[in-house]
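J.: task: produce atomic coordinates for the following.
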Amino acid sequence: MKELRELFLRLVGVGAPSGFEEPVMRVLKSELEPLVDEVHDTPRGNVVGVQRGSDPEAPSVALVAHMDQIGFIVTNIDGRGFIRFRKLGGPVTRAIQGQQMRLLTGRGPVVGVVGIKPGHITRPEEANRVPPIEEMYIDIGARSREEAEKRGITIGTPIVYNAAPVELANDLIASPAVDDRAGLTALIAVAKTLREAPVPATVYYVGSVEEEIGLRGAEVALYDLDVDMAVAVDTFPAGWQPDVVMRDLYYEVGRGPAVHIGEIAQGRVRLGHQRVRQWLMEAADEEGIPYQAGLMHGGTDAMSLMQTRAGIPACTLGIPRLYSHSPVETFDLKDLHRLVRILVAAIRRLDAGFSLRRI
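T.: Now for the predicted structure:
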């Protein structure tokens, strides 16, 4: 638990929104290099580490976690130096105003704040209105466009929340980018555990790009890898908070990770591969590791992984989080620990006799 906490806090400090994953690509490669037999990054941006198993007849498995986080991008700088911006992925609009932002320039980070109209002159009809992002702006303290540009800010500069992680009671951590730095933490932890006790199966550890803007990196991540099955390791929205009815989100933080049946996205139900899901649940049951099961709201890389070549059997194993796509996404460190234990136990059971056939 202590090692997981330290690793997560290290990863979450790296700003890397969709399309600008290079900083976390470097960190993931350096973390995996001493743990795997080979590691490389692709021109598309995905990072792949390979831990070779002892039995070439055992199924190979890919564990995939996305490297990008929700964020923003500079779209304009006005004459007074105020910065206009748009979303990368799906940050919750009502969580943006009044936040600190970190602009990731080529010369280093620049901190700014999202301005807000003074309450003293806010009309009653405006008081409870969340303005669209087109009306928002970031103030870095510059007095002109030229001054902002001298600090390295240009159109296209990526932006992330400048909020630090905070540790709450009962092993809860609130932070930006829990989605999916928690998943990357799990990949590294599994690689470390299996390095110390090798298994028959070959394991691929994949960091994917651009998940938050359409599962784009996962579409090609497995195309040229000798992979028989895959697990998307991600986070997902949980309920059990005062403003969420359990009819909509019945998962609970602290009750274990979830082995998802499938996903509800854009009004449609999409299913994962039930044989892969059964493999994960059997391992958890045999080890006595608590987990949850059901349909999650949103999409994960699993749905793209399943469409690679003739189809790679895949499902999602996820960590429940509160306050999704905000600067205070909150998860339970124990759920992360349990997820790692499930993956390790399941992978240790993969041998030449394992079948992925549905009938």
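
J.: how far away is L280 from V190?
T.: 13 Å (Cβ to Cβ, to the nearest Å). All C-beta atoms are positioned from the backbone trio N, CA, C, and that covers glycine.

J.: joint contacts of the two?
T.: L343 (Cβ atoms under 8 Å, 6 or more residues apart in numbering).

J.: show me what contacts V203?
T.: V203 touches V50, Q51, G53, S60, V61, A62, L63, V190, A191, L194, I347, counting by Cβ under 8 Å, 6+ apart.

J.: so it bridges to which residues?
T.: Q51, V61 (DSSP bridges).

J.: with A258 instead?
T.: Taking DSSP bridges as the rule, A258 bridges to Q292, G318.

J.: and it, how many residues sit next to it?
T.: 25 (other Cβ atoms under 10 Å).

J.: and it, how close does it get to V233?
T.: Counting by Cβ to Cβ, the gap from A258 to V233 is 11 Å.

J.: any shared contact partners between those two?
T.: Contacts common to A258 and V233, judged by Cβ under 8 Å, 6+ apart, are T316, L317, G318.

J.: turn those into a markdown table, columns for pLDDT.
T.: Shown next, in a markdown table, are the shared contacts of A258 and V233 (pLDDT from 0 to 100):
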| residue | pLDDT |
| --- | --- |
| T316 | 97 |
| L317 | 97 |
| G318 | 97 |
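
J.: pull the contacting residues for the closest residue to H66 other than its chain neighbours.
T.: The spatial neighbour of H66 that comes closest, neighbours along the chain excluded (Cβ to Cβ, 6 or more residues apart in numbering), is E211 at 3.4 Å. Neighbouring residues of E211 by Cβ under 8 Å, 6+ apart: S18, H66, D68, D180, G217, A218, D234, T300, D301.

J.: quick one: contacts for the first one?
T.: In this case it means S18. Contacts of S18 (Cβ under 8 Å, 6+ apart): D68, Q69, I70, G71, L88, G89, V209, E210, E211, E212, I213.

J.: could you rerun that using 10 Å?
T.: 66-71, 73, 87-89, 158, 209-214, 216-217 (Cβ atoms under 10 Å, 6 or more residues apart in numbering).

J.: among these, which are in strands?
T.: If you go by DSSP state E, the contacts of S18 have H66, G71, I73, K87, L88, P158 in strands.

J.: and the gap between the fourth one and P132?
T.: This points to K87. 11 Å.

J.: which of these two has more residues huddled nearby?
T.: Remark: of K87 and P132, K87 carries more neighbours, 20 against 8, as counted by other Cβ under 10 Å.

J.: bridged to the more buried one, which residues?
T.: Residues in beta-bridge contact with K87 (DSSP bridges): F72.

J.: quick check, pLDDT for it.
T.: Model confidence at K87, given as pLDDT, is 98.

J.: would you confirm that it contacts A95?
T.: No: the pair K87 and A95 does not pass the contact test of Cβ atoms under 10 Å, sitting 11.4 Å apart.

J.: overlap in contacts, those two.
T.: Residues touching both K87 and A95 (Cβ under 10 Å, 6+ apart): H325.

J.: going along the chain, name the strands of the stretch 101-250 of the chain.
T.: Secondary structure of the stretch 101-250 of the chain (DSSP state E, counting those that start in this stretch): strands at 108-114, 138-139, 158-161, 166-167, 172-175, 203-208, 229-237.

J.: in JSON lines, list these along with distance to L339 and mean pLDDT.
T.: Shown next, in JSON lines, are these (distance: least, Cβ to Cβ, whole Å; pLDDT from 0 to 100):
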{"stretch": "strand 108-114", "distance to L339": "31", "mean pLDDT": "97"}
{"stretch": "strand 138-139", "distance to L339": "36", "mean pLDDT": "98"}
{"stretch": "strand 158-161", "distance to L339": "24", "mean pLDDT": "98"}
{"stretch": "strand 166-167", "distance to L339": "19", "mean pLDDT": "98"}
{"stretch": "strand 172-175", "distance to L339": "14", "mean pLDDT": "98"}
{"stretch": "strand 203-208", "distance to L339": "14", "mean pLDDT": "98"}
{"stretch": "strand 229-237", "distance to L339": "7", "mean pLDDT": "97"}
